[in-house]
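Asks: fold the following and give me the result.
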Amino acid sequence: MEYRPAVSSGAAVAAAGAASKVLLYCLVAGLFAASLAWIWKGAHAGAGIAAGFAVGTLNSLWLVSIARRAVGLTSEKAGRFVLVRYQLRFAVTAVIFFILVAWGVFSPWALVAGLSGSLVATITAMIRMARKEASKDA
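Replies: As a prediction, the model looks like this:
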């Protein structure tokens, strides 16, 4: 029995590139947004936005990891794999937000703003990567 990776090297390289691009965009956008919030609303708001960005960035990286691992599976297995992992990812994110809000660590508005900002940064990174890929093929 020989070892065969679940993902082809091309898909693995693309997923690694996507993860690094998402991380870069989220870090830059998160630092910018947290700095603005810190200046405009104070340290607590800036820290809340930074925490929301951190949770959102980890959420997006987890999403890329799930997609990368599902590519090498058969369609039946991939469907179950993705469904269970997506629900687990959502539950973990919800629990983290619940704990941070219930314990009064951060304002829910700052956390949601940071999470939303990280989603916008993730979508922006993916669109830019897709446009770059499309321009190579044309």
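
Asks: backbone phi and psi for residue 106, please?
Replies: Note on residue 106: its backbone torsions stand at phi -140, psi 160 [degrees, to the nearest 10].

Asks: and residue 105, its phi and psi?
Replies: Dihedral pair for residue 105: phi -70, psi -50, per degrees, to the nearest 10.

Asks: try residue 72
Replies: phi -80, psi 0.

Asks: do you know how far it is from residue 81?
Replies: Residue 72 sits 10 Å away from residue 81, going by CB to CB, to the nearest Å. C-beta here means a position set from N, CA and C on the backbone, and glycine is covered the same way.

Asks: how about the helices of this structure, start to end?
Replies: Remark: helices assigned in the chain by DSSP state H are 9-41, 43-71, 75-102, 108-137.

Asks: quick one: those as a markdown table, columns for mean neighbour count and mean pLDDT too.
Replies: Shown next, in a markdown table, are those (neighbours: other CB atoms under 10 Å; pLDDT from 0 to 100):
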| stretch | mean neighbour count | mean pLDDT |
| --- | --- | --- |
| helix 9-41 | 16 | 85 |
| helix 43-71 | 20 | 92 |
| helix 75-102 | 13 | 93 |
| helix 108-137 | 16 | 91 |
